[in-house]
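*Asks:* Have a look; sequence and predicted model below, questions after that.
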Amino acid sequence: MTRIIICLIALSSVFYAEEVHKKPIEEQLKRHTSASVSSVKEMLHGMKAAIQKDDMDTFSKFIAYKWPARWNAKKRVRFIKNKKMFLKNHTKILTKKCREAIVNAKDDLSDLFVNSAGIMIGNGEIWFDPERGGIFAFNS
């Protein structure tokens, strides 16, 4: 009986997550963050352009150093304290998987996931929020 209940709970959480993700991005943003659709589009477009040009100096402007931003390095969380640290470690922080997630994100934002933690790109490779200063997590 316990196993059946656990399975039902797991299934209901999957269906809930799918329903939440199907809601329009405007509704998700309004519910979970104070970021506007235009600010999210502007930031995503800027990140994509910087990656496509391999312009890490410009990309570094999208990182929320004040939080500080974090990245997973060999199963260990490290913090990006400033632009200099990002530029020195950008190949380890902004991995191929992170770059692909950003570049492949849809311009209409329909594939982004939003919750109270922020806005997720891909399968959680990047978490950001324009209202919090930009990218606050790189998960590679």
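*Replies:* Now that the structure is in, tell me what you want to look at.

*Asks:* for the protein, what spans make up the strands?
*Replies:* In the chain, the segments counted as strands under DSSP state E are 69-73, 76-80, 113-115, 118-121, 126-129, 134-138.

*Asks:* by contact count, what packs against the fourth one?
*Replies:* Right, the one you point to is strand 118-121. If contacts are counted by 3 or more C-beta pairs under 8 Å, 6 or more residues apart in numbering; DSSP states H and E, strand 118-121 sits against strand 113-115, strand 126-129. (Each C-beta comes from the backbone N, C-alpha and C, glycine too.)

*Asks:* so which of the strands of the chain comes closest to P24?
*Replies:* Closest approach to P24 among the strands of the chain (C-beta to C-beta): strand 113-115, 10.6 Å.

*Asks:* State the mean pLDDT of that closest one.
*Replies:* Model confidence over strand 113-115, given as mean pLDDT, is 95.
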